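Enquirer: Sequence and predicted structure below; questions after.
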Amino acid sequence: MAGMETKKTSRVAVVTEGSAQAALRRGPATKLLPEEERVLRMRLGASPPRAAPLQRSVEDLSDLEIELLSYEIEVFMKARARAEALDEAEAAGAPALRLPAPVASRTKEKIVRALRKKV
């Protein structure tokens, strides 16, 4: 890893932890295998560069995994649309769309009383 500070002690170059973290933050380690770089990042707690693309751990997805991923995307899109609608409503001065307030449940109260008696 080029550009790291080293301390020379009796013919052995020792890389400091801070310089290794700084070098890993600047970019990928070109002289390390991907597995070695991941281990070094985990060990030092060095995050990948901000511009680095995220890696997928599984390349071949099963039908079930693809379906689950599509559900996750759908829920994310709906949540984002709802957040945008709330922002627009608040910007227009309209009262915010609120979720309904929880209603007291007799069964829930009974369970809580029973738990309090045990304690």
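Expert: Right, received. Where do you want to start? Everything quoted here is computed from the prediction, not taken from an experiment.
Enquirer: Could you check how far the longest helix along the chain is from the centre of its chain?
Expert: In the chain, assigned by DSSP state H, the helix with the most residues is helix 63-91. In this view, helix 63-91 has its centroid 17 Å away from the chain centroid, taken as Cα atoms, centre = their mean, to the nearest Å.
Enquirer: Tell me the first helix or strand C-terminal of it.
Expert: helix 106-118 (DSSP states H and E).
Enquirer: and Arg41, how many residues sit next to it?
Expert: Per other Cβ atoms under 10 Å, the neighbour tally for Arg41 reads 19. (Each C-beta comes from the backbone N, C-alpha and C, glycine too.)
Enquirer: Now it. Nearest residue, chain neighbours left out?
Expert: Leu24 (5.8 Å; Cβ to Cβ, 6 or more residues apart in numbering).
Enquirer: What is the neighbour count of that neighbour?
Expert: Leu24, neighbours per other Cβ under 10 Å, totals 22.
Enquirer: and Arg41, what element?
Expert: Applying DSSP H and E, one finds Arg41 within helix 34-44.
Enquirer: what's the answer for Val14, then?
Expert: strand 12-15.
Enquirer: What pLDDT is listed against the residue nearest to Arg41?
Expert: You'll see Leu24 listed with a pLDDT of 81.
Enquirer: Please verify my assumption that it contacts Met42.
Expert: No: the criterion here is Cβ atoms under 8 Å, and Leu24 misses it with Met42 at 10.7 Å.
Enquirer: can you pull the buried residues of the helix or strand just after the strand holding Val14?
Expert: Per DSSP H and E, strand 12-15 leads on to helix 17-26 as the next helix or strand towards the C-terminus. Judged by neighbour count using 16 or more other Cβ atoms under 10 Å, the buried positions of helix 17-26 are 20-21, 23-24.
Enquirer: Nearest to Glu72 among those residues?
Expert: Leu24 (30.1 Å; Cβ to Cβ).
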